[in-house]
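> my questions are about this predicted structure, shown below with the sequence.
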Amino acid sequence: MPICLPSFAGVAQPASGGAFNQFSVSFDGSNDSLDLGTPFQSTFTSAFSISLWYKQDSATGTRALFGSRKGGDDAVNAYIDANTVNMWYESNNRRSLGGFAQTSDTNWHHFCVTVQQNSTSVNAKLYLDGVYRKLNAAGCVMADYTNTANLLIGARNYVSYPPDSYFSGLIDEVGIFSTALSDGGISIDADAGGVIHDIYNDGVPTTMPTDNLVSYYRMGDGTGDTESSGGAPANGDSIGTIVDQVGSNNGTQGTAANRPTFSSTVPS
């Protein structure tokens, strides 16, 4: 079988000149979120990965990086609870859930999770700042996953209940892939190789690899990203649109709830 190597051509350039990454999105921890307009149902029924950058304002409470849950079952959630970073994947009421200890701080961090079927188990591998930190495994079947709750950034969404677990801080450069990204075959607590290493890029975001990239939200630096008045993003202004830069959702927008704002603080 031929080996497909990832392409590292950039899929989007900054909204205007200057450095590659000028903006992130600030969430207030009270009721801010970004609704991506889709539950990613077809993506989450087979191997996938999610990559993003985050910077906390607060080290208390439960704070979702992203989340979607049908109700009592089927869910895709990543959240920080006190000093633990957690990932929860659930299909047909069978749950893969676990996390790793992290010293809470207000620094920028890169979080990545890869999820894939492994015989009768679903394996979720969690990475922080380019290091493989945790393996979650549970006996469930990804093909059974069904969920109509749109995926939120900065909160956890439900089909029949209001969102909760609002994030307090900044989130940037969110990529969703329809494959388990390569890490070089490392062991837990080792530095990742492969695509995960290249995305982390020693702590500085760079152009996102395009192979198997389903959706990419630049959080202020994407083509079509605007403030609420329709102008170009500016520090402190409320968000109008965050546009998916690739894939089947290309040109659609993430809908901001309760006015999260653009921030000129970015990973560097």
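Structure received. Residues are numbered from 1 along each chain as shown.
> per-residue confidence at residue 72?
Confidence at residue 72, expressed as pLDDT, is 73.
> likewise residue 58?
What the model reports as pLDDT for residue 58 is 75.
> just name the shakiest helix or strand of the protein by mean pLDDT.
When the helices and strands of the chain are scored by mean pLDDT, DSSP states H and E, strand 253-257 comes last with a mean of 83.
> what comes into contact with it?
With CB atoms under 8 Å, 6 or more residues apart in numbering as the test, strand 253-257 has contacts from 31-37, 153, 163, 217, 224, 238-244. Where C-beta positions appear, they are placed from N, C-alpha and C, glycine not excepted.
> ChimeraX command for the buried members of these?
Here is the ChimeraX command that selects the buried residues among the contacts of strand 253-257 (16 or more other CB atoms under 10 Å):
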select :31,32,33,34,35,36,153,163,217,224,239,240,241,242,243,244
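> who does the least confident helix or strand of the chain pair up with?
Applying DSSP bridges, strand 253-257 is found paired with strand 33-35 (antiparallel), strand 239-243 (antiparallel).
> can you list the ones you listed in a markdown table and add mean pLDDT?
Converted to a markdown table, the strands paired with strand 253-257 look like this (pLDDT from 0 to 100):
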| stretch | mean pLDDT |
| --- | --- |
| strand 33-35 | 95 |
| strand 239-243 | 92 |
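> next structured bit after the least confident helix or strand of the chain?
Using DSSP states H and E, the helix or strand that follows strand 253-257 towards the C-terminus is strand 261-263.
> please state the offset of that following strand from the chain centre?
Relative to its parent chain, strand 261-263 has a centroid offset of 17 Å by CA atoms, centre = their mean, to the nearest Å.
> which other helices and strands contact that strand?
strand 24-28 (3 or more CB pairs under 8 Å, 6 or more residues apart in numbering; DSSP states H and E).
> the closest residue to residue 157 other than its chain neighbours: which element?
Once flanking residues are discounted, residue 157 sits nearest to residue 149: 4.6 Å by CB to CB, 6 or more residues apart in numbering. Counting by DSSP H and E, no helix or strand carries residue 149.
> so who does residue 206 touch?
By CB under 8 Å, 6+ apart, the contact list for residue 206 reads 20, 198-199.
> helix, strand, or coil at it?
Of the three states, residue 206 takes coil under DSSP: H, G, I helix; E, B strand; the rest coil.
> confidence score at it?
92.
> ok, residue 17 next?
At residue 17, the model reports a pLDDT of 35.
> equivalent analysis for the one 3 residues further on, please.
Residue 20 carries a pLDDT value of 87.
> isn't there a helix covering it?
No - Residue 20: not assigned to a helix; according to three-state DSSP it is coil.
> what comes up buried for the least confident helix or strand of the chain?
By 16+ other CB under 10 Å, the buried positions in strand 253-257 come out as 253-257.
> the inter-axis angle of it versus strand 24-28?
With axes from the mean of the first three to the mean of the last three CA atoms, to 10 degrees applied, the angle from strand 253-257 to strand 24-28 works out at 30 degrees.
> restrict strand 253-257 to CA atoms and write it as CSV.
What follows is strand 253-257, C-alpha atoms only, in CSV (Å, rounded to 0.1, in the frame of the first residue of the first chain):
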residue,chain,number,x,y,z
GLN,A,253,-19.1,30.9,9.6
GLY,A,254,-18.7,30.1,13.2
THR,A,255,-21.5,31.9,15.1
ALA,A,256,-20.3,33.9,18.1
ALA,A,257,-22.6,33.7,21.1
